[in-house]
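Visitor: predicted model, plus sequence, below.
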Amino acid sequence: MRSGSPDASSNADAQPILELRELEKRYGFIQALKPASLAFRRGEIHAIVGENGAGKSTLIKLLTGVIRRTGGKIVWNGAEVELATPNEAIAHGINAVHQEVVLCRHLSVAANIFLGDEAVKFGLLQKREMTRAAQKILDDMGFNLPADILLGDLTIGQQQLVATARASLRGTKFIIFDEPTAYLTRSEAAQLFALIRRLKDEGVTIVYISHRMEEVFELADRVSVLRDGTLVGTRNISDTNDAELVALMINRSLEQIYHKEAIPLGKVLLETRNLSGKGFNNVSLTVRAGEIVGLYGLIGAGRSEFALSVFGRNPKTAGDIVWQGNVVDMRNERTAIDLGIALAPESRRDQGLNLNLPIGLNINLPVYDQINSGIVVNAGEEKRRADQQIKDLGIKTPSRNSLASSMSGGNQQKIVIGKWLNHGAELFIFDEPTVGVDVGTKAEIYRLFAKLLKNGAGIILISSYLPEVYELADTLHVFRDGHLVGSQAYREKTHEDILAEAIGV
Amino acid sequence: MTTEVTPTSVAPKRNFNFLFALTLVGLLLLLCIVLSIATPSFATGNNISNLLRQGSMIAILAIGQTFVIITAGIDLSVGAVVGFSTVVVAGLLQAGVPIPIAILITLAVGLAIGCFHAFGIVKMGLPPFIITLATLTSLRGIGLLITNGSTINITNEAFTLFSRESFLGVPNLFWMVVIVAIPAFVFLHLSKWGRYLYAVGSNPEAARLSGVSVPKMIFIAYGLSSMFAAFVGVMLAARLGVGNATQGDGWELQAIASTVIGGTSLFGAIGSVHGPLIGAFILATIANGANLLNVNSFWQRIITGVLIIVIVFFDQLRRRNR
Ligand SMILES: Nc1ncnc2c1ncn2[C@@H]1O[C@H](COP(=O)(O)OP(=O)(O)OP(=O)(O)O)[C@@H](O)[C@H]1O
Ligand SMILES: [Mg+2]
């Protein structure tokens, strides 16, 4: 006992709440997590950072019993534990909000919050009580969400908050957030941070995974870095800085993330004239060759719906889409693709990927019309194109035949982008292209944008991450409640002004 | 300290599929060997020909069924389509229509039935299970109405002779499997249409946003399944020499069983052409062997059920590989 030391106020505090000893996970030949040892202190906020596929989610899944370790030990409160099933983890008080929401879309918010321990009386579910209790929980946490609607009717961000509420209940002592803010609006993120701080004050230990450095520095007490499945270091947040963490993560230094070149603007590619549709109204804007047009706004402001209508997925209700000077009838996606428009959609799970199919097939799906010899697909060309994108985007996979579902979140996002880089287009619409993508790859993707622009393409960049659109967009439009409420040329206004426009104050 | 160390002899995925196909072939060979030892009448030319004829028809149905199941659908109507098609082709032949024309018309009728299914799914939003179930019952009714519940005898000798003859020592009906399976293999595994089919089964929204016409693929899958069933109807009419709307009873389940034994996932996006083929012949061999051994035919049904559970269970295990 080191009772004399200043920071060990009592024995219980000194003992780590959770300790990993040489913990390891292999998937066949892939070592997703190499033997790692790490102790989490009681009541700390511990951030974990690392590139895509570094093993962050793997670590979390091991701690929550979602997958089983292939080696090493986990020590909980001084005693070794198995953590073989999610229920065992929950019984210990270990909960997680996973990167991809794993709740039931067809149940109500309340039912999801109580899933697994429903209030039962005489064998019947007490629906009204449950809804009331759930509403109280949500209100207490400061989440502005109705408890009685279907989960599937919420945005991904709101679903993430429901998952958070669920995880914060049931005597939780240890709670893990895997990229919780990826799909949150700013105000939702603020609510989440407030909740996290409150949990910390209550003595709960928090593990926080994020690709956003500013969040790590805002919240965390300590930070651990994973690289290629290896735990390369742990730092006190006060002893480190952005540059050191990035260098640890990618093993090289990165001078500059946002890459912007002066590219002359060309002809007008796309023009929308008073375009209206489901979720947006009266939007007029133009995109020229060589230009990045940024669409900023809160999640649910109608940007994705606008994009889906331009791409022919949803019908417009009024206005015109003008493509290179001609009014066109965007009947379906095929029409848009054939004209030269590509859309990398917002949700990789629901819209972007065929998860249980190989990466190669995903990447080539839009181009199978072009790579045939006779009636059969040209297998050589198919391989070449898939490998090209895997190499260009640094997709971490043993082979193009691996299933998309076995990729880490950020690597899945790269497949969605690679699919359209492979196809090529004159106008690329990227909807939240860097959600879950690590800094190094972000920089690569922005560089690729510049390359596309130089080749005469135009880009619509939809992002809820202001620094990204702010630094990259030649023209930045702000959406609020389905309307275009403000526009600026590159760096014309301040962050604060743009934010105010988006929120409407 | 009992940390579980799972064995990690995990090879890349493709080898797995290859292994699975090999296991199925092995199972089939094992069955044949055991049966040849158990009963002298199994390994006779006559019996093998018979087995091939019987297995051929289910095999062709299973290929069509696989296309549908890969799109995460199901086609319950194929047995009824077989029965109905025997009536159509028999009626046409008896009306003096030349054989090739009669066959083409029957295939066209099959295609039309499949398009009707796709229409119900795509345009009316009906679940595949429901629309094909509706066809299953009503099509037999229509067939019985047309024939007044009776059987049409086919007097065209050339037509019925075909099913009994062989080419290069292999029954003609088995050659039909080859004729169907080769283009089916090219379609599913080598052409872009096959890729699209998997994509639709895996995530229709993602397929759509990648420019794949989902309705078109649904039409193709159900159209082919019903057309294959009509083709089997022609084969069966030739074999039996009659047209009767009650023929092919329960064949949809045999086709689905063959498909599933052949490694197709009922959740869609997983399946092959060769798997269901082998699956169909495994089932045919079991039926044939059981007959020869005088095993009560009720047992055959039980064995088939157990086999489905065992094979699919191992298939799931292999896929899970966590
Ligand atoms: N089911 C699986 N089968 C095979 N490999 C897998 C499986 N799940 C994950 N992996 C691999 O394990 C590695 C680590 O993945 P993990 O999801 O932990 O990454 P991550 O650090 O969370 O990345 P991201 O920032 O992209 O979310 C990756 O290379 C991934 O491809
Ligand atoms: Mg992850």
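Guide: Nice, thanks for sending it over. Ligands and ions are numbered 1, 2, ... in the order given.

Visitor: buried stuff in stretch A:195-203?
Guide: Of the residues in stretch A:195-203, those buried by neighbour count under the rule 16 or more other C-beta atoms under 10 Å in any protein chain shown are A:195-196, A:199-200. Where you see a C-beta, it was placed from the backbone N, CA and C, and this is true even at glycine.

Visitor: cool, and stretch A:138-150?
Guide: Applying a neighbour-count criterion of 16+ other C-beta under 10 Å, one finds A:138, A:141, A:143, A:145, A:147 buried in stretch A:138-150.

Visitor: ends of it, what's the gap?
Guide: Terminal residues of stretch A:138-150 are spaced 15 Å apart (C-alpha to C-alpha, to the nearest Å).

Visitor: looking at the buried residues of stretch A:195-203, spot the one nearest A:His259.
Guide: Closest approach to A:His259 among those (C-beta to C-beta): A:Ile196, at 32.5 Å.

Visitor: now name the helix or strand holding the closest one.
Guide: Element membership of A:Ile196 [criterion: DSSP states H and E] is helix A:186-201.

Visitor: tell me if I'm right that A:Pro345 and A:Gln351 touch.
Guide: Yes - with contacts counted by C-beta atoms under 8 Å, A:Pro345 reaches A:Gln351, the gap being 3.9 Å.

Visitor: with adjacent residues omitted, what lies nearest to B:Ile63?
Guide: Leaving out its chain neighbours, the residue that sits closest to B:Ile63 by C-beta to C-beta, 6 or more residues apart in numbering or on different chains is B:Ala184, at 5.0 Å.

Visitor: from B:Gln65, how far off is that neighbour?
Guide: Using C-beta to C-beta, to the nearest Å, we find B:Ala184 at a distance of 11 Å from B:Gln65.

Visitor: pretty sure B:Pro215 contacts B:Ala118?
Guide: Yes - applying C-beta under 8 Å as the test, B:Pro215 and B:Ala118 come out as touching, 7.5 Å apart.

Visitor: the more surrounded of these two?
Guide: More neighbours surround B:Ala118 than the other of B:Pro215 and B:Ala118, with 24 against 15 (other C-beta atoms under 10 Å in any protein chain shown).

Visitor: would you confirm that the more buried one contacts B:Phe219?
Guide: Yes - taking C-beta under 8 Å as the definition, B:Ala118 is a contact partner of B:Phe219 at 4.1 Å.

Visitor: low-confidence ranges in chain B?
Guide: Using pLDDT under 70 as the threshold, the predicted model of chain B has low-confidence ranges B:1-16, B:318-322.

Visitor: let's see it at 80
Guide: Residues of chain B that meet the criterion pLDDT under 80 lie in B:1-20, B:297, B:300, B:304, B:308, B:311-312, B:314-322.

Visitor: mind telling me which residue is nearest the centre of it?
Guide: Among the residues of chain B, the one closest to the centroid is B:Ala62, at 1.6 Å (C-alpha atoms, centre = their mean).

Visitor: quick check: which element contains that one?
Guide: In this structure, B:Ala62 sits in helix B:45-70 according to DSSP H and E.

Visitor: list the buried ones in that helix?
Guide: For helix B:45-70, burial by neighbour count (16+ other C-beta under 10 Å) applies to B:47-49, B:51-70.

Visitor: same question for stretch B:246-263.
Guide: Taking 16+ other C-beta under 10 Å as the basis for neighbour counts, the residues of stretch B:246-263 that come out buried are B:246-248, B:251-252, B:254-263.

Visitor: all strands for the stretch 251-400 of chain A, in order.
Guide: A:268-277, A:280-288, A:292-297, A:316-323, A:326-328, A:341-344, A:372-373, A:376-377 (DSSP state E, counting those that start in this stretch).

Visitor: and these as TSV, adding distance to chain B and mean pLDDT?
Guide: TSV is the format used below for the strands of the stretch 251-400 of chain A (distance: least, C-beta to the nearest C-beta, whole Å; pLDDT from 0 to 100):
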stretch	distance to chain B	mean pLDDT
strand A:268-277	16	94
strand A:280-288	18	94
strand A:292-297	18	93
strand A:316-323	16	94
strand A:326-328	16	94
strand A:341-344	6	93
strand A:372-373	6	90
strand A:376-377	4	93
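
Visitor: which of these sits closest to A:Val435?
Guide: Evaluated with C-beta to C-beta, the strands of the stretch 251-400 of chain A place strand A:341-344 nearest to A:Val435, the distance being 10.8 Å.

Visitor: which strands or helices does the closest one pack on?
Guide: Helices and strands touching strand A:341-344, by 3 or more C-beta pairs under 8 Å, 6 or more residues apart in numbering or on different chains; DSSP states H and E, are helix A:303-310, helix A:409-423, strand A:427-431.

Visitor: parallel or antiparallel, which strands does that strand pair with?
Guide: Strand A:341-344 has these partner strands in its sheet, going by DSSP bridges: strand A:427-431 (parallel).

Visitor: average pLDDT for the partner strand?
Guide: Across strand A:427-431, the average pLDDT comes to 94.

Visitor: and that strand with helix A:409-423, angle?
Guide: Relative orientation of strand A:427-431 with respect to helix A:409-423: 170 degrees, computed using axes from the mean of the first three to the mean of the last three C-alpha atoms, to 10 degrees.

Visitor: what about the residue in the stretch 201-350 of chain A that ligand 2 sits nearest to, how many neighbours?
Guide: Residue nearest to ligand 2 within the stretch 201-350 of chain A: A:Ile209 (6.9 Å; C-beta to the ion). For A:Ile209, the count of nearby residues is 23 (other C-beta under 10 Å).

Visitor: right, and it touches A:Thr181 too?
Guide: No - under the criterion of C-beta under 8 Å, A:Ile209 is not in contact with A:Thr181, lying 10.3 Å apart.

Visitor: neighbours of residue 34, how many?
Guide: Assuming you mean chain A. A:Lys34 is flanked by 18 other residues according to other C-beta under 10 Å.

Visitor: other chain: chain B
Guide: Under the criterion other C-beta under 10 Å, the count of neighbours that B:Val34 has is 13.

Visitor: not counting residues beside it along the chain, what's closest to it?
Guide: If you skip the residues right next to it in sequence, B:Val34 has B:Gly289 as its closest partner in space, 8.0 Å away by C-beta to C-beta, 6+ apart.

Visitor: for the helix or strand hosting the one you found, the distance to its chain's centre please.
Guide: Using DSSP H and E, the element containing B:Gly289 is helix B:274-292. Between the centre of helix B:274-292 and the centre of its chain there are 12 Å (C-alpha atoms, centre = their mean, to the nearest Å).

Visitor: can I see the domain layout of chain A?
Guide: Domains of chain A are assigned by automatic domain parsing as A:15-102+A:171-251, A:268-503.

Visitor: pretty sure the residue nearest to B:Ile63 sits against B:His274.
Guide: No - in this structure, B:Ala184 sits apart from B:His274 without contact. The criterion is C-beta under 8 Å, and the distance is 9.8 Å.
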